[in-house]
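Novice: Predicted model, plus sequence, below.
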Amino acid sequence: MRGTLLLSCIQNTNLSSIIKNANKRIKFGNGDEEAKTEKIKKGITQEEPKLDEGPVNGAVVCCTSAETQDKVYILDNKGNAVTLNNLSKLSRTDITMSGEFTRCRFNNKICPKNKKIEGNEWQDYDEFNGMGKGKEGLNKDSSYMVCLTGYGVIYFVDSGQKIKGFSAELATLNQYVNEEAFSGMGWNLSIFYNTYGNDAIEVLKNQMYKYGITDTISICMFLATLGAESGDGEKLLEGLPLAPDATYTERTRGAGLIQITGKDQKAFLEYIQSTLSNADPMYTQIQNVLNGYPLQWPKVTIYKGTPNEKTIEICDNNKNVTEFIAQYYPIESAAWYWGEYGKTTYYTDPLNATGGKTMTLNEYVTQISEKQANFNATSINVREDYMGKLFVVTQYYVNGSPWALERLQRMAESTNDSEYEIKNNQMTFTVPAGEPKAGFHSGRLPNGWEKRKADWESMGFMIFG
């Protein structure tokens, strides 16, 4: 998880001044085709042109929203040119920009200069330096400004490595995490906003960044998971459908965009509590809620009288826990589940189930999708066959699976179109002779598979076309 950019804030409070509006302003569109993500990403990663004039070794900045990658010099409050070497001697409020950028992509081609800089001061990628607001020394690698009207991140040309990466990752998030994506998956945005808050998409982007969900494939698979889990953002709490194992009760309901239950809820609250000071009122609230968990989880037998009969621990929630997460952490709990929770196992040798390593779903998807990208396949095959199998596996991890973990990995990494097939609403495959459990196998798909599949096709189309 990234602790340097996003503070641990509950979702019904204001975020820090650095983050509160940053993602809202660093977004692309407004009908301006020049503001496409790839152009911005290219603009902030290309080699910077040489300066023909200006102070020797002068500290200069560029802006991700500037139409041309021109530079503006930095001055101290007496009008003297600042160099990179003496930045650390200046505070966030000591310096100004010497001029305007030539043209702004977003502000009718006019640069608003410092009139609209957030808080009228520089921000910092790493705000945990404890010096107090406005007193922190500037850092050429991590200090930046956010423009309120130009949607730009202003950073130092000759350094700013953290900020370049930060800007590029936000560019990817903004490309896929937006109203167009959710509408494409059939979400009613009015109901979504009414249920999760008017800033739900912006909060979601903040939380995705916080938990490192910035890889394109992982972003889109994560988003494609949310609809079936939350009823397209219409439910904070899971309903009580009839389930084949008959274990759902009022005390086993899921909460949030990914409706985590039972031990997952407990693990989430313990994680959040670990990030808080003992003096934080929320720390005590969480402890009070956790005190309601049973010391021992009850066990039940499911699928009685079938080949799949087994005994499991039932996720017997404290009802207050579910409602607490739904009230305070309905969005963050989903990002945590995908980006922080060690939910998957990745094997160096999945055939023999050896070399297993615990991974988050985010890491698992990134690891396998990078492998799949090396195969020479058409965009349709990548989306439907290769990446499609990986998506099925992520949904098994979220929704429960009848298969062993090593089998899930082999399924996710399969490049044979017919090796694992969905037939008659079942996942089917044949284990070759000589392997354990040789022969034909068939098992259930994740609950709500048709919805999950449709949402992945929608998001996959945004990636592959």
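Specialist: Yep, it's here. Numbering: from 1, shown residues only.

Novice: Could you pull out the strands in the chain for me?
Specialist: With strands called from DSSP state E, the chain shows them at 60-63, 72-76, 95-97, 123-124, 143-146, 153-156, 299-302, 310-313, 344-349, 354-359, 420-423, 426-431, 439-444.

Novice: Let me have these in CSV, extended by distance to residue 388.
Specialist: Heads up, the C-betas are built off the backbone N, CA and C, glycines and all. Putting those into CSV (distance: least, CB to CB, whole Å) gives the following:
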stretch, distance to residue 388
strand 60-63, 40
strand 72-76, 47
strand 95-97, 49
strand 123-124, 41
strand 143-146, 38
strand 153-156, 35
strand 299-302, 29
strand 310-313, 28
strand 344-349, 18
strand 354-359, 20
strand 420-423, 9
strand 426-431, 12
strand 439-444, 17
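
Novice: Compare the ones you listed and give me the one nearest residue 282.
Specialist: strand 123-124 (24.6 Å; CB to CB).

Novice: In the stretch 351-465 of the chain, mark out all the helices, start to finish.
Specialist: Assigned by DSSP state H, counting those that start in this stretch, the helices in the stretch 351-465 of the chain fall at 361-372, 379-381, 387-399, 405-413, 449-464.

Novice: Just the buried positions in the longest one, please.
Specialist: Read that as helix 449-464. 449, 451-453, 455-460, 462-464 (16 or more other CB atoms under 10 Å).

Novice: Could you report the neighbour count for residue 191?
Specialist: 14 (other CB atoms under 10 Å).

Novice: dump the residue contacts of it.
Specialist: Contact analysis of residue 191 by CB atoms under 8 Å, 6 or more residues apart in numbering lists 232-234.

Novice: quick check, nearest of those to residue 340?
Specialist: Of all the contacts of residue 191, residue 340 sits closest to residue 233, with 21.4 Å by CB to CB.

Novice: pretty sure that closest one contacts residue 185?
Specialist: No - if you go by CB atoms under 8 Å, residue 233 and residue 185 don't touch, sitting 9.6 Å apart.

Novice: Neighbour count: the two, which is higher?
Specialist: Neighbour count, other CB under 10 Å: between residue 233 and residue 185, residue 233 has more, with 26 against 20.

Novice: What's the local residue count around the closest residue to that one other than its chain neighbours?
Specialist: Nearest non-adjacent residue to residue 233, counting by CB to CB, 6 or more residues apart in numbering: residue 192, 3.5 Å away. Using other CB under 10 Å, residue 192 is surrounded by 23 other residues.

Novice: Could you measure from residue 192 over to residue 200?
Specialist: 6 Å (CB to CB, to the nearest Å).

Novice: Mutual contacts of those two, please.
Specialist: By the contact definition CB under 8 Å, 6+ apart, residue 192 and residue 200 are jointly contacted by residue 233.

Novice: Export the helices of the stretch 351-465 of the chain as TSV, with columns for mean pLDDT and distance to residue 443.
Specialist: Listed next are these as TSV, based on pLDDT from 0 to 100; distance: least, CB to CB, whole Å:
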stretch	mean pLDDT	distance to residue 443
helix 361-372	90	20
helix 379-381	55	24
helix 387-399	91	10
helix 405-413	92	10
helix 449-464	90	12
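
Novice: nearest to residue 105, of the ones you listed?
Specialist: Among the helices of the stretch 351-465 of the chain, the nearest to residue 105 by CB to CB is helix 449-464 (21.8 Å).

Novice: which of the contacts of residue 191 lies closest to residue 286?
Specialist: Nearest to residue 286 among those, counting by CB to CB, is residue 233 at 24.9 Å.
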